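[1] Sequence below, structure please.
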Amino acid sequence: MSSASDVAAGFSISGLLDAGAKTRSKYPVAELDINAIEDNPENAVYSMDEASIEALAASIEKDGLTDLPLVRKLPDGAYQMIAGHRRLEAYRRLAREDAAFRTIPVTLVDNLDDARARVLLNVTNLVTRRLSQEERGARYAAIGREVPALREADPSLKGVRTNDIIARIVTEETGQSVSPATVKRAIAAEKRLRETREQAELLTGDLNENWQVEAQAGVVDPLTLRAISQLPNQKQLDLFVEYQRQEMTLGQLKAHLKASRPKTTADASRALQAAIRSVEEARRMDREGVPLSQGLIRKLKSLVDQL
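    Just a heads-up that it's a prediction; the model follows:
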């Protein structure tokens, strides 16, 4: 049976391109036309920050390309980027002014299947980009989605847990120890945030822009946001000011909403029924010569206020 470490070595650039001469000849360096390399669709989730691309282009123009992009040759003869989309974009910009940048040196791989290519793309982005914890969890999950294909290609992986494989792949490439438990927590946290945000997005049309920011951040749960969205805009704004001023917890926010919620006919009916029961209890105590308790008196006063 393959170990998680064995699997990881095949999914990192260091494992794919070791220092041996045999491996180097298997994956040669090639000079390709920048327009001949297709972007990988999986990379669409990553942003291309304008300022960072311009800075990268300036660095390449001054010092050259220090790390070669990794490109795979597809069965139809086309070329597809695996790792190096930002470097390729920098070359494209430089080529507008200098024809010397119309070709780019790359490490060429011609036997990499789709699953391995997607894993490599996501793993290398864990290294080369500054990702939030949520984004990191999403990349772990993306790697995990390829595990069934890996098991199909290698039946000996059947006994290796998915999170073990993800952790070893990430550790192998990043050089930072990542445990299966860390992977599991990150994926679960990303899922919760994503689901909360997706549900909250259904309400943003009725939410004040301040609450929309909280919704996008996944700070407030969808049910609470729904209650807030039903308030007039000014009341939403007043509530947000109070929410920040008091640094409310989610529990305090819910309690505040409940206390300030406009009373309905159903609320009045419930209060009336409770008041009737309390009055009947007070009459019984009076008949029996039992003094009214302070608790009952306070309850009656509260019910009168509600009515």
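
[2] what's the spacing between Leu126 and Pro180?
    According to C-beta to C-beta, to the nearest Å, Leu126 stands 16 Å off from Pro180. C-beta here means a position set from N, CA and C on the backbone, and glycine is covered the same way.

[3] what about the closest residue to Ala115 other than its chain neighbours, which helix or strand?
    For Ala115, ignoring the flanking residues on the chain, the nearest one in space by C-beta to C-beta, 6 or more residues apart in numbering is Ala149 at 3.9 Å. Secondary structure assignment for Ala149, by DSSP states H and E: helix 147-153.

[4] other SSEs contacting the helix or strand just after that helix?
    Under the assignment DSSP H and E, the closest C-terminal helix or strand after helix 147-153 is helix 162-174. Taking 3 or more C-beta pairs under 8 Å, 6 or more residues apart in numbering; DSSP states H and E as contact, the helices and strands that helix 162-174 lies on are helix 4-9, helix 13-16, helix 114-128, helix 133-144, helix 147-153, helix 180-201.

[5] right, and Leu225 touches Trp211 too?
    Yes. Here Leu225 reaches Trp211: they are 6.7 Å apart, a contact under C-beta atoms under 8 Å.

[6] lowest-pLDDT helix or strand in the protein?
    helix 21-26 (a mean of 48; mean pLDDT, DSSP states H and E).

[7] ok, then the element right after it?
    Toward the C-terminus from helix 21-26 - assigned by DSSP H and E - lies strand 29-33.

[8] Could you pull out the buried residues of that following strand?
    Of the residues in strand 29-33, those with enough neighbours to count as buried (16 or more other C-beta atoms under 10 Å) are Leu32.

[9] what domains does the record give for the protein?
    With automatic domain parsing serving as the domain definition, the record reports that the chain contains domains spanning 4-188, 202-260, 265-306.

[10] circling back: show me what contacts the residue nearest to Ala115?
    With contacts defined as C-beta atoms under 8 Å, 6 or more residues apart in numbering, the neighbours of Ala149 are Asp113, Asp114, Ala115.

[11] now do 10 Å
    Asp113, Asp114, Ala115, Arg116, Arg118, Val119 (C-beta atoms under 10 Å, 6 or more residues apart in numbering).

[12] List only buried entries from those residues.
    If you count burial by 16+ other C-beta under 10 Å, the buried members of the contacts of Ala149 come out as Ala115, Arg116, Arg118, Val119.

[13] Leu126 and Pro180 - which one has more neighbours?
    Between Leu126 and Pro180, counting by other C-beta atoms under 10 Å, Leu126 is the more crowded of the two (19 against 16).

[14] With that, I have no additional questions.
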